[in-house]
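Chemist: Need a 3D model of the following:
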Amino acid sequence: MLIKSVTALILLAVGTTTAQAAPVSCPRTIPFTTASVTQHEGGSFALNWTAPGVRRVSVYTGATQDGIDYSHPVARGEGSAAITVSGLGAADRRWFRLVPDRGEGLTVADRDLHLASVPNLRDAGGYRTADGHWVRMGAVYRSSNLGGATESDLATLTRLGVRVIEDLRTDAELVKTPDRVPRGATVTQQNVLGAGIPGPLPKTPEQSVRYMIDAEAYLVSAPSALVAYRGTLGAMTGTGVLQHCSAGKDRTGWASAVLLTALGVPRATVYQDYLDSNTYLAARNAAILAQAPADQREVIRPQLDSRAEYLDNGFAEADKRYGSFTGYLDQGLHLDTAALRAALLI
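Modeler: Okay, here's the model as predicted:
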């Protein structure tokens, strides 16, 4: 049956250095409590930030993270501002350095890499932790599979420094949709699902929701998942790491939730990052539903969605199995969180 094949497919988805001296600001603490960049069509960029106690922020930019041009600012704003910058040169990814009149500056970019052939591709960084640090951008990425990546987009990933691919898919998925790999990158399979999630495929919308909730717990407790996530998260102490599954929302979503939580990102932000897959995959999901039999679309829909109740059960399973999320990190994954924080926090 078509629904069975479509359902099976979906469930598998279950410091800068510069040529010029940078402006000096002291003390060396980052005063920004929020900061974001959004690239718009036509090449303009919307920048938003909040820095309590800061009177003025100067904005510098560069075509690479290590190539910020400090010779002149492209914009200035107050301690809390929303501005638009346009007329900048072409770049694979445009970076901005926010330099306050007090405290340390912060380098940010649009989290979305805007590569159409790789849906749900985004930076895992750019989030503030509860203790005032920021997750470094340009170090770890997440995405859907790379099977449909164009030569142009692969070349962009190479220039952006993607050197390590952590593929969370099963053997069958790798055979059906092999990755197209950026030049010079190495690939490690981390088979989260092992032989697969046990149980029959759902036949009703309610069964689909239940399946996805239970599947999230499987990502926490299955022996194959513990081994896979230990390897994937351990690799993130390096740079240029891209982790993905099929759609980049379930297995990849849990890996990102674990990473951000281990780094100290607030739970609400972790959930928003998880739910953002609904936006990044909206076009893909609409196409899948349009091709499905009309009487099966509501059965399929929960499997396409990222829902808070799914992630809820992942965290609940960690608490149930290990007493706390910290217990899951220490006893389940044997994760060196100190090394992760040292590598990824600024």
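Chemist: which stretches of the stretch 201-346 of the chain form helices?
Modeler: Assigned by DSSP state H, counting those that start in this stretch, the helices in the stretch 201-346 of the chain fall at 205-221, 223-235, 251-263, 267-275, 277-280, 282-291, 297-304, 308-322, 325-327, 337-344.
Chemist: Out of the ones you listed, flag the one nearest residue 57.
Modeler: When the helices of the stretch 201-346 of the chain are compared by CB to CB, helix 267-275 sits nearest residue 57, at 21.9 Å. The C-beta positions use only the backbone N, C-alpha and C, and glycine is treated the same way.
Chemist: Kindly calculate the angle that the closest one makes with helix 308-322.
Modeler: With axes from the mean of the first three to the mean of the last three CA atoms, to 10 degrees as the basis, helix 267-275 and helix 308-322 are set at 120 degrees to each other.
Chemist: Distance from the chain centre to helix 267-275, please.
Modeler: 11 Å (CA atoms, centre = their mean, to the nearest Å).
Chemist: What sits closest to the residue nearest the centre of the chain if chain neighbours are left out?
Modeler: Residue closest to the average C-alpha location in the chain (CA atoms, centre = their mean): residue 124, at 3.5 Å. Closest residue to residue 124 apart from its sequence neighbours, by CB to CB, 6 or more residues apart in numbering: residue 140 at 4.2 Å.
Chemist: Then residue 56?
Modeler: residue 101 (4.7 Å).
Chemist: quick one on the thing from earlier: Provide a list of residues in contact with the residue nearest to the centre of the chain.
Modeler: 135, 139-142, 256, 259-260 (CB atoms under 8 Å, 6 or more residues apart in numbering).
Chemist: quick one: which of these is nearest residue 65?
Modeler: Distance ranking of the contacts of residue 124 against residue 65, using CB to CB, places residue 139 first at 9.8 Å.
Chemist: Tell me how far the closest one lies from residue 241.
Modeler: For residue 139, the distance to residue 241 equals 7 Å [CB to CB, to the nearest Å].
Chemist: Tell me how far residue 70 lies from residue 98.
Modeler: 12 Å.
Chemist: So for the two, which residue has more residues nearby?
Modeler: The residue with more neighbours, out of residue 70 and residue 98, is residue 98; 25 against 18, by other CB atoms under 10 Å.
Chemist: Each with direction, which strands does the helix or strand hosting that one pair with?
Modeler: Assigned by DSSP states H and E, residue 98 belongs to strand 95-100. Strand 95-100 pairs in its sheet with strand 57-62 (antiparallel), strand 106-109 (antiparallel), by DSSP bridges.
Chemist: pLDDT-wise, which helix or strand of this structure ranks last?
Modeler: Lowest mean confidence among the helices and strands of the chain (mean pLDDT, DSSP states H and E): helix 2-11, at a mean of 38.
Chemist: C-terminal to that helix, what's the next element?
Modeler: Next along the chain after helix 2-11, taking DSSP H and E as the criterion, comes strand 34-39.
Chemist: That following strand - what's its average pLDDT?
Modeler: In this model, strand 34-39 has an average pLDDT of 98.
Chemist: How about stretch 251-271?
Modeler: Here the average pLDDT along stretch 251-271 is 98.
Chemist: Using CSV, write out every CA atom in that stretch.
Modeler: C-alpha atoms of stretch 251-271 as CSV (Å, rounded to 0.1, in the frame of the first residue of the first chain):
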residue,chain,number,x,y,z
ARG,A,251,17.1,11.7,15.4
THR,A,252,18.9,14.9,14.5
GLY,A,253,16.5,16.9,16.6
TRP,A,254,17.2,14.9,19.7
ALA,A,255,21.0,15.2,19.1
SER,A,256,20.7,19.0,18.9
ALA,A,257,18.4,19.0,22.0
VAL,A,258,21.0,17.0,23.9
LEU,A,259,23.9,19.2,22.7
LEU,A,260,22.2,22.5,23.6
THR,A,261,21.0,21.3,26.9
ALA,A,262,24.4,20.0,27.8
LEU,A,263,25.8,23.4,26.9
GLY,A,264,23.4,25.1,29.3
VAL,A,265,20.9,26.6,26.8
PRO,A,266,17.5,27.3,28.4
ARG,A,267,14.9,24.6,27.9
ALA,A,268,12.5,27.0,26.1
THR,A,269,15.2,27.8,23.5
VAL,A,270,16.0,24.1,23.0
TYR,A,271,12.3,23.5,22.3
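Chemist: Can you give me the pLDDT of residue 218?
Modeler: 98.
Chemist: From residue 224, how far out is it?
Modeler: On the measure of CB to CB, residue 218 and residue 224 end up 9 Å apart.
Chemist: Now the common contact residues for the two.
Modeler: Jointly contacting residue 218 and residue 224 under the rule CB under 8 Å, 6+ apart are residue 193.
Chemist: Neighbour count for the two, which is higher?
Modeler: A direct count of neighbours by other CB under 10 Å for residue 218 and residue 224 places residue 218 higher, at 22 against 17.
Chemist: So for the closest residue to the more buried one other than its chain neighbours, what's the pLDDT?
Modeler: Distances taken as CB to CB, 6+ apart place residue 197 nearest to residue 218, at 5.4 Å, with adjacent residues excluded. At residue 197, the model reports a pLDDT of 89.
Chemist: What is the burial count for residue 197?
Modeler: By the criterion of other CB under 10 Å, residue 197 has 16 neighbours.
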